[in-house]
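Participant: The sequence isn't on hand, but the structure is:
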RNA sequence: GCCUGGGUGGCGGAAUUGGUAGACGCGCUGGAUUCAAAAUCCAGUUCUGGCAACAGAGUGCGGGUUCGAUUCCCGCCCCAGGUACCA
């Protein structure tokens, strides 16, 4: 056991190595993982063992891991968990005869490298490169079967060339609702030229009707402005989540509880001209597509909630003494007779116009107060009801009554129309609002009490509602919509919570937009001139006048004649134009990387059509569930878009997905008082007053087997402990309390795969990570148990009884029945475990198998060879070594055929029946499997032991389940 | 609040269609081997009572269905993740 401070480690590792070498010299038959693992890693790399090839005649299988962001902290044991599982699966698929694509790469654009650059002046490219190098070294140690020829890096210009291209394709597309498909913008222009926009049913921003002749009469810039409303990537003024601290905008899923996901800085609402993605166009298909993929229910549900489809209708309310109308969206048109007031969001465009002179002061104050509140404040004060009367009224379309018009910040400008018809009897928020301001609460439900709370259930009968009286809610909704449509005051409508995604970031370390501005209008740079490479800047911060970091670049202008980037000095707005200063968000590159792996080095297309046709969808995708509403939604969106435009033949990227759980760390805690004393945990537990103590986390590497700290090491670790007084227990130990935290440097509880590979070997690490528990569950890491797996691999090795010449002592004779049964039971269970992605029971089954074969003293080649193949996906290094020593070609176990299961070996002639009385098992009796239930019944009844449990009584009933159980009811 | 998971020994966990609860591993206890230690091997290890044979209880809690329930149904409690004025 290494129980030393990091400082003392080199010495211990050296001494450990000495002992190890000594042992290996003494006993050449021992399992020496260090030598073996290095040998096979080298062999696989040199022979390109795991390179995937297209069109080999085999069936394909695509196993993908979510690629990592290469952070400076390196990998801890939690990171490779999913990679190990996917690697095992990929290796099994190869043994089953599939051509397997199993690639890896890096999501290498991102904030941390940029923050580091701001602090140190170090170019993000440089830190990214060195982080990737470190990641690669760590990954290589674990023995993954990745095809590194296909590595991608999102920050590499040869990669982001295609990210830029996809952006231009999105810019040059619109969404045709009538065919539910993205189409080239050129086709839309053609339609406009012929028929104007009246026949166009598109997903677009609000747009007044125009005719073909209107269109032709528009100026270029008017046309451009109109087309922006239709493009899938568009430039628009929109309310964005602005994070002043980070100096950038954030997507909705990058904001958590009103603060930025990265860094936890406050976020506010701001109106900015930004690139956006019209993901809303795909809302329905993103929802429907979920039914076709094999993902966990929780992730699907999260996406469904995020998309948030609600079916209802729009209703127009005429404003009293005005030509204007207010449009509201409601899912409950059946309750329209209960609508006693209307509420607008404070940001609603008609607010100023509708406010009467008397109310102006109040309304202005309210609007101002609301705009000061961040979204977070609005959300956290749900119970805090606020609002103000505008002084205006609208006319109820059915009763013709005057309905007061209020403002309230519980109505969101960004959802629906930013206005609601308030039905206090049917909606709790409206009810609360009405109570608070003393507004009417008429009841439109038959026999429901609404004196204490609103009734929001979608059931029951409607009352006090004219033509809806007596109808069931469902029928009432339908009838109301029919009437609303017939009267021309509204129409059936479906709304989505999903909002268009802001696609601009005011950052340096991201993909530059392939865009320059001619008279303020965006122009795309053609594919043939891409990539538009990120320029050098002297400073990674925003410019002094508040422009994004790219504003610092001196050479960041586009010469539209030479088609190249030139110095800003040359900008003349004739041929040389300024380039876009924003960059793309982190999710741009990760939205399509799975396609690039299919043909990672192609310079002519993002991936060759033949390769795409061969590999198709990702068959198995493994990664964390934290990307449920971000990456996984955006990747689906881009996939559907590329499908629509005919670039790929499928519209869902990931057929099956498994989400691995998080591996948590176990922190070590000591107690410190205001003096200079450090207390052992067991001492603290006996103290009466602990109010003056505080918990301090210490480096877990300093702990021994009993959670006791190496005291000298602790003094050397941090100056705080240098001269501290240690209050130890009776054994003189300083014991730590262990607590489960996130694994992080911050809590000093990180365990790295490197140290475990060094000490126990990669095969042991791989199997232990799988053995910890079900893949999808989160679980704390405890290195203690790893011995069990290490012992198992040694036991496996001993099964082969190597002599001094490294030759196994095995026989070619036919194995006995018992050994065959063990083997085939294992084959069967393993294939079952694999189908269920139950890797933990997979490891157990290997342990059971090796235990049984050891007991049987099995020496048979016919048993041991299939076992080696079977275990090779889990423990590939030892398997290759054993395979070679068994006389096979080096490295070939990775390409062997999985042994076939033969049920004949499992058939038993007899079965040991548990005999239970009233459901409790009391003893066992063995009967032939062929014995009939009738005979078994007789045999059991005539047995001596039965008499004891009957205790003189007669059995009421007997249940005999052949091959399972016997139950006697007394 | 709502949605999705989950709750089984000292610990990680197993039990796949309702059929022997606790596989496998860790830890612990005892023994063998050893000058000693490591490693290895053997035996035991859900709890309670008992020297033992054995008996009773037992899968978050309370009910129900069934010959039989960790598994199915109803009601509740707790934990984790997601989400939240979405009209």
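Facilitator: Perfect, thanks for sending it. Just so we're clear, the structure is a prediction, and the values are computed from it rather than from any experiment. Residues are numbered from 1 along each chain as shown, chains lettered A, B, ... in the order given.
Participant: Wait, a strand at residue A:657?
Facilitator: Yes: under DSSP: H, G, I helix; E, B strand; the rest coil, residue A:657 falls within a strand.
Participant: That one: what's it in contact with?
Facilitator: For residue A:657, the contacting residues are A:293, A:294, A:295, A:296, A:299, A:620, A:621, A:622, A:623, A:632, by C-beta atoms under 8 Å, 6 or more residues apart in numbering. No exception for glycine: its C-beta is placed from N, CA and C like everyone else's.
Participant: which of these are close to RNA strand B?
Facilitator: With C-beta under 7 Å from any atom of the strand as the criterion, those include residue A:296 near RNA strand B.
Participant: tell me the average confidence for stretch A:599-616?
Facilitator: Stretch A:599-616 shows an average pLDDT of 96 in the prediction.
Participant: Between the two ends of it, what distance do you get?
Facilitator: 12 Å (C-alpha to C-alpha, to the nearest Å).
Participant: Could I get the buried residue list for it?
Facilitator: By neighbour count with 16 or more other C-beta atoms under 10 Å, stretch A:599-616 contains the buried residues A:599, A:600, A:606, A:607, A:611, A:612, A:614, A:615.
Participant: Determine which two of those residues are furthest apart.
Facilitator: A:606 and A:614 (15.3 Å; C-beta to C-beta).
Participant: Spell out which residues of the stretch 751-900 of chain A are next to RNA strand B.
Facilitator: Looking at RNA strand B, the residues of the stretch 751-900 of chain A close enough under C-beta under 7 Å from any atom of the strand are A:771-774, A:777-780, A:782, A:784-785, A:787-789, A:791-792, A:794-795, A:829, A:832-833, A:836, A:838, A:840-841, A:843-844, A:847-848, A:851, A:855.
Participant: Make a ChimeraX selection of whichever of those turn out to be buried.
Facilitator: Buried members of these, defined by 16+ other C-beta under 10 Å, are picked up in ChimeraX with:
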select /A:771,772,774,779,780,789,792,829,833,838,840,841,843,847
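Participant: Report the distance from the helix or strand harbouring residue A:115 to the chain centre.
Facilitator: Using DSSP states H and E, residue A:115 sits in helix A:111-120. Here the centre of helix A:111-120 is set off from its chain's centre by 25 Å, with C-alpha atoms, centre = their mean, to the nearest Å.
Participant: Which residues does that helix contact?
Facilitator: In this structure, residues lying in contact with helix A:111-120 by C-beta under 8 Å, 6+ apart are A:69, A:71-72, A:122-124, A:127-128, A:131, A:246, A:262-263, A:507-509, A:540-541, A:586.
Participant: In helices only, show me the residues you listed.
Facilitator: A:124, A:127, A:128, A:131 (DSSP state H).
Participant: out of the contacts of helix A:111-120, which are buried?
Facilitator: A:69, A:123-124, A:127-128, A:131, A:246, A:262, A:507-509, A:540, A:586.
Participant: tell me the SS of residue A:652?
Facilitator: Classification of residue A:652 using three-state DSSP returns coil.
Participant: helices or strands next to the helix or strand hosting residue A:830 in the packing?
Facilitator: Element membership of residue A:830, judged by DSSP H and E, is helix A:817-835. Applying 3 or more C-beta pairs under 8 Å, 6 or more residues apart in numbering; DSSP states H and E, one finds that helix A:817-835 contacts helix A:839-856, helix A:861-871.
Participant: Okay, buried residues for it please.
Facilitator: Going by 16+ other C-beta under 10 Å, helix A:817-835 has these buried residues: A:819-831, A:833-834.
Participant: count of residues packed around the residue in the stretch 101-250 of chain A that RNA strand B sits nearest to?
Facilitator: When scored by C-beta to the nearest atom of the strand, the stretch 101-250 of chain A has residue A:241 as its residue closest to RNA strand B, at 11.6 Å. Residues contacting residue A:241 under the criterion other C-beta atoms under 10 Å number 20.
Participant: what's the average pLDDT for stretch A:308-325?
Facilitator: The pLDDT scores in stretch A:308-325 average 91.
Participant: Just give the closest residue to the residue of the stretch 601-750 of chain A found nearest RNA strand B, not the sequence neighbours.
Facilitator: The nearest approach of the stretch 601-750 of chain A to RNA strand B comes at residue A:629, 5.5 Å away (C-beta to the nearest atom of the strand). For residue A:629, ignoring the flanking residues on the chain, the nearest one in space by C-beta to C-beta, 6 or more residues apart in numbering is residue A:306 at 4.5 Å.
Participant: Secondary structure element for that neighbour, which one?
Facilitator: Going by DSSP H and E, residue A:306 is in helix A:297-307.
Participant: Show me what counts as buried in that helix.
Facilitator: A:299, A:300, A:302, A:303, A:306, A:307.
Participant: quick one: which two of the residues you listed are the most distant?
Facilitator: Of all pairs in those, the most separated under C-beta to C-beta is A:299 and A:307 at 12.7 Å.
Participant: Contacts only, for residue A:616.
Facilitator: A:60, A:62, A:649, A:650.
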